[in-house]
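Enquirer: fold the following for me, if possible:
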Amino acid sequence: MQFRDPKKNSISNRIINIAILAVSIGIAIIIIAISTGKGLQEKIKSKTIAFNGHISITPFENNESQISVLPFQDNFKKMIKKNEGVDIINSIAFDGVILKKKNTFEGGVFKGVDFNYKWEVIKEFLVEGNYPQINKKNISNEIILSKPMANRLSLKLGENIDLYFQNIKNQNIPYRSRFKIVGLFNSGFPDIDNNLIYGDINQIRRVKKWNKNMIGGYEIFIDNIYNADKVSEKIYEELPPNLDSISITKRFNSIFQWIALFDFNILVILIIVIIVSLINLATTLLILIFERLKMISLLKIIGLKNIIIKKIFLWNGLFIILKGLLIGNFFGTIFFLIQKKYGLIKLDPETYFVEIAPVIFDFRHVLFANMLFIITCIIILWIPLNIILKISPSKALRFR
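Expert: Below is the predicted model:
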């Protein structure tokens, strides 16, 4: 039984339509909040992991910089690989450099990688060109750097650029080497795009006078970020005392704490939307109850129990909720598809590390939001329905 008045412009119809609209807007807002919040979380996580790995292994050093100072032998890959969940192990080293083109200078961090480096970890961020060709026999002079850094130095793909390394023998005369730019990437992270350069680890070995088996550290990728702390601790127990193992969540604790706040924001939006929708639904049911006083009284006189009458109104409330949810889910999904394809909503990359608001449609979270919406509304709607118990049939029938 649906309590819609045959007259389209009746008060009850308008109130019902407003309630449906409130539910529709509410669930649409929740879907937008979930898709953008989770999308932003995953995008920032994936970028942070792609350029650093899930776990980093480096020597204990007194300096706070990223530069590799104390090298160690590349002898621990087999031991690390034995740990469950370990997928990729990359040998790396870092050194500070200065890029020079004519009279223009730019500081940077040279990330040396070997011929086994798994370039697929940064594949999605490569915007032009290819990866450096690195092999065992010869030292490669090919590099990739960020698009913003190339733009600042007016560099193009295929051009050569001089890099100056610190000379450990003569501090006053830096070590110069010419490199060819074979690729450009764009991460969206200012700290990465303003500094990072990828090249052959043998360039660092040559400058720092390391032997061919020395590295600055490992970056390890595992199959599940949520196991990073556990796997990191297990690896640490197996390493020699001069090496440290730290997970990505601890290394960039401030970033992960910040993106964890997105879940709280989504929860706040969910609570506010449900409260607003509940108020609208409760008001709608109250109006319907008072409009149907005589009908309720007649039903009581003919012996219909209060619980049955309450169920009639509850079903009407459920109809309003379901119709609103259907419309809201439709428009929320439309927003997701449009944003996914066209990226209409832009963000400040300096603040959010992305230029376009990323979206993820997580069916589990959307289903949870819908079910929570329905269950909460049905429970709370029993409160206005209790008014039916207090209605006196004789008084209601005399009411004009």
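
Enquirer: now do the strands in the protein.
Expert: Using DSSP state E, the strands of the chain run over 55-59, 72-73, 86-101, 104-113, 126-129, 142-146, 160-165, 175-185, 196-200, 214-215, 217-222, 243-247.

Enquirer: now stretch 118-135: how far from the chain's centre is it?
Expert: In this view, stretch 118-135 has its centroid 23 Å away from the chain centroid, taken as CA atoms, centre = their mean, to the nearest Å.

Enquirer: average pLDDT for it?
Expert: In this model, stretch 118-135 has a mean pLDDT of 92.

Enquirer: how about residues contacting it?
Expert: 47, 50-51, 53, 88, 90, 113-115, 117, 140, 142-144, 147, 157-158, 181-187, 198-201, 221 (CB atoms under 8 Å, 6 or more residues apart in numbering). Every C-beta, even on glycine, is put in place using the N, C-alpha and C of the backbone.

Enquirer: of the residues you listed, select the buried ones using a ChimeraX command.
Expert: Selecting the buried subset of the contacts of stretch 118-135 in ChimeraX, with 16 or more other CB atoms under 10 Å as the burial test, is done by:
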select :47,50,51,53,88,90,113,114,117,140,142,143,144,147,157,181,182,183,184,185,186,187,198,199,200,201,221
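
Enquirer: hey, where'd the helices end up in the stretch 301-400 of the chain?
Expert: Assigned by DSSP state H, counting those that start in this stretch, the helices in the stretch 301-400 of the chain fall at 306-342, 349-352, 363-385, 393-398.

Enquirer: tell me the mean pLDDT for the third one?
Expert: Confidence over helix 363-385, taken as the mean pLDDT, stands at 83.

Enquirer: and that helix, how far from the chain's centre?
Expert: Its chain's C-alpha centre and that of helix 363-385 lie 26 Å apart, by CA atoms, centre = their mean.

Enquirer: of all residues in this protein, which one is nearest the centre?
Expert: Most central in the chain under CA atoms, centre = their mean is residue 41, positioned 1.7 Å from the mean C-alpha point.

Enquirer: returning to that earlier point: nearest to residue 356, out of the strands of the chain?
Expert: Of all the strands of the chain, it is strand 126-129 that lies closest to residue 356, at 14.2 Å by CB to CB.

Enquirer: returning to what we had before: what's the closest of the helices of the stretch 301-400 of the chain to residue 247?
Expert: helix 349-352 (23.2 Å).
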